[in-house]
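Participant: would you be able to build a 3D model of this:
(chains A and B)
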Amino acid sequence: MKHRALLPLLLSACCMYSTTAMAKEVQLFNDKGFWSGPLQTVANAARADGINLKISPYANAEQYKTFIQASVASGRTPELFTWWTGASLNTLAATGQLAPLGALWQEMEADGRFQPGVKELFSVNGQPYAVPLQLSRWVVLYDKRVFARLGLKPPASWAELQTVAARIKAAGQTPFLATTQDGWRGFIWFQELLLRTDPKAYTGLNNGSVAYDSPAVRNVFRIWSDMYAKGWFSDPRSNEEINDFVRGKGVMYLFGEWAVGLLDKAGFPLKELGVFILPNAPGVQQPAIIVEGAPIVASRKGLANPEVMKTLRFWVSNQGAQTWGKASGNYIGNDKIAAPNALISQVNTQLAQKRHTLFLRLWESVPSTLQGEMVAEFNRFMLKPDMSTAQHVMQRMQSLNAAYWSKRKKP
Amino acid sequence: MNPLMQHDQQLLARIGLAHIKARERARQRRQLRVALRFMAPALLLVGGLLLLPVLYNIWLSFTQWQLFEGRDDFAGWQNYIQLSDNPYFDEALGNTALWVVASVLFPLSLGLGMALLFRRMPGQEWFKSIIFLPRILAPTAAGVMWYYVYAPQGMLNQMLGVFTNMPVETGWLFEEQLVTPAIILAFVWQSCGLVMVLLLLGLAALPRDPLEAARMDGAGPWPLFRHITLPLLAPTLLMVVILSVLAGFTVFDLLWVMGANYPQQRTLSLAVFMYFEAFQKNSWAFAAATAVVIGGVVLAVTWLQTLLQARADRMVR
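Facilitator: Numbering: from 1, shown residues only, chains lettered A, B, ... in the order given. Down below sits the predicted model:
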């Protein structure tokens, strides 16, 4: 009898223990299978704070997008998941299923962890809906050894950029590495040249007020084509971009900061890697930089689970950001902690010296239904970089762009 | 009613024919219920996993679903009209037709040639295994391998460089005129082994009597092949043709892997076009319309082939 009376007590004690020891699970769905290890490191660190974070990666981005779209369509949006900024975030937010995170951003900015401006990248119509999974600035990485051998300095002006490229070419090396690898890289040089020559057109192109066959775009193709004609770019058909940089097939490499980790893995000595922000063309005063922001979003339904907000708070905390930075080499914009590597630190210093306007990467800025078309057309140009191809690309893109905006209100 | 018929009716009524008929109908209904119970799992599977998704896809093709919007908005024939106006669709259709022809012609002729060659060859097992070997590779793995064969600094260009004594850097997978033939070659390399094995089985099953009778009548190798072997092999050949046609219509993996860096990848085949529209542009309704068109074309071609097969079977009998 005594034992029978004790059993319910024991059971309830066990239940109480388990609820205090293990909080309700929060699943972070993502398509970043390549960062599963670092994400798990963050999950392990969060466990000490009583957060039960489960990392649920999808290996294929397309499958992942389909899963999220189907979940949203059926009203079963996951509590916490990664997404894309810009037009993709706008469309997702328009479904009304995302949780606004204004209060969290107030905390993040109040103690100076995040600089003003970062929030805008994760906002729709002024309302923040996400926190950064990573924040990569698009910069030029270069091989310091070649620069030292040729007596070159990182270019501070458009004219210096031309001189540096010409000197490298004259020395028998290819100045810039650029490929069509994986089918999506076509926009990289286009976005940078447009931003450096006409930042207003960059914004206008993405809200339908500037046409793809406008003089600003034509000018970009003219410059780009001219650079190809001078032999300044590597073979666009290569499928080994990172290794090509290690092999010296290009001396300068325009890419997101996240390439630093890949170069490190591929065996490029990081102490020989330099970084600079591509200078503006003559007449363009406004210092600017292209930023790629990967967001983590929470659904409205997810906010009903207090653990979701606790997880997000941990993610943007100094401890969370530092753990993530150390494990993955990614920067999330938290300036209260040390940068994950020396190159990111250098970019931070350059940006701190002169205030730069942040421009969202073109891939995220264009309407998502135009993304695939855009990179396919720009890749076409890279493979045959003459003005006749450029004309075709501009016409094709403008016809799609016009069709898209004809059905929508321009902002 | 004449007296005789009246008599018959009375006799049948006495026997109770209506009752027998009713019992027979009840027995048939019982049998149908039992059969349905046995068939239920298969019916549920086919209905739930095949017919319902197909019907849902047809419904989607008449909506405006794109990304998160328009799933419940009726679009009428708009997606089909858009499809007929799309220049990439025309190119993809043309390339698919090329694929279907090539995937029948080359594997079949090569497979048949090798089957006839290896049939009585000493050490045939060794040759057959080697020819069949590519088939065991996953198409994506074969695609990656061939991607590097065709790369600008790849094996093919290096070999051509040795022969021509000058550097060759042809972009086999980047040029509009070269990309489809280059991928078809990889496909043929992978598929003719299976065709050879199927035809070898067909050849082994041929009746010996007609062949020996023709030989005794003095028929040479070519007339023997043309008038005896080939007609007897017709059912196997048709089965191989059906498989090849379907493979030609649905080829995707090789095109996705090998054409990854080709700017107009979506034009490589209808299946790739559909995937691009659905998973890269999120134009679900438009992609659903493409799927309906592909399904319709495949259905029509296989129906035609079934008719031909029936005719071939009758010829052999």
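
Participant: so where is the chain shaky, pLDDT-wise?
Facilitator: Since no chain was named, I'll use chain A. A:1-22, A:409-411 (pLDDT under 70).

Participant: ah, no, chain B please
Facilitator: B:1, B:315-317.

Participant: what residues does it put near chain A?
Facilitator: Applying Cβ under 8 Å from any Cβ of the partner chain, we find that chain B lies next to chain A at B:66-69, B:71, B:147, B:151-152, B:169, B:171, B:174, B:260-261, B:263-266, B:276, B:279-283. Every C-beta, even on glycine, is put in place using the N, C-alpha and C of the backbone.

Participant: among these, which are in strands?
Facilitator: Judged by DSSP state E, those include no members of strands.

Participant: dump the residue contacts of residue 182.
Facilitator: Assuming you mean chain A. By Cβ atoms under 8 Å, 6 or more residues apart in numbering or on different chains, the contact set of A:Asp182 is B:Ala260, B:Asn261.

Participant: that was the other one, I meant chain B.
Facilitator: Counting by Cβ under 8 Å, 6+ apart, B:Ala182 has contacts B:Tyr150, B:Trp172, B:Leu173, B:Met258.

Participant: just how off-centre is whichever strand or helix holds it within its chain?
Facilitator: Applying DSSP states H and E as the criterion places B:Ala182 in helix B:176-204. Relative to the chain's own centre, helix B:176-204 is displaced by 13 Å; criterion: Cα atoms, centre = their mean, to the nearest Å.

Participant: how about it: buried residues?
Facilitator: For helix B:176-204, the neighbour count (16 or more other Cβ atoms under 10 Å in any protein chain shown) marks B:179-180, B:182-200, B:202-203 as buried.

Participant: try stretch A:354-362
Facilitator: Those would be A:His356, A:Leu358, A:Phe359, A:Leu360, A:Arg361, A:Leu362, for stretch A:354-362 by 16+ other Cβ under 10 Å.

Participant: what's the span of it from first residue to last?
Facilitator: 23 Å (Cα to Cα, to the nearest Å).

Participant: surely A:Val139 forms part of a helix?
Facilitator: No - using DSSP: H, G, I helix; E, B strand; the rest coil, the assignment for A:Val139 is strand, not a helix.

Participant: which non-adjacent residue is nearest it?
Facilitator: A:Val275 (5.1 Å; Cβ to Cβ, 6 or more residues apart in numbering or on different chains).

Participant: wait, what's in contact with the one you found?
Facilitator: By Cβ under 8 Å, 6+ apart, the neighbours of A:Val275 are A:Val139, A:Val140, A:Leu141, A:Tyr142, A:Pro154, A:Leu343, A:Gln346, A:Val347.

Participant: pick the one among those closest to A:Glu120.
Facilitator: Checking the contacts of A:Val275 against A:Glu120 with Cβ to Cβ, the nearest one is A:Val347 at 18.6 Å.

Participant: against chain B, how distant is that closest one?
Facilitator: 30 Å (Cβ to the nearest Cβ, to the nearest Å).

Participant: which element follows the host helix or strand of that residue toward the C-terminus?
Facilitator: Using DSSP H and E, A:Val347 maps to helix A:342-353. Following helix A:342-353 in sequence order, the next helix or strand is strand A:357-360 (DSSP H and E).

Participant: surely A:Asn330 meets A:Thr323?
Facilitator: No - with contacts counted by Cβ atoms under 8 Å, A:Asn330 stays clear of A:Thr323, the gap being 10.9 Å.

Participant: show me which of those two is the more surrounded one.
Facilitator: A:Asn330 (25 against 21; other Cβ atoms under 10 Å in any protein chain shown).

Participant: what sits against the more buried one?
Facilitator: Contacts of A:Asn330 (Cβ under 8 Å, 6+ apart): A:Trp35, A:Pro38, A:Leu133, A:Gln134, A:Leu135, A:Ser136, A:Trp258, A:Gly261, A:Trp324, A:Pro340.

Participant: cheers, nothing more for now.
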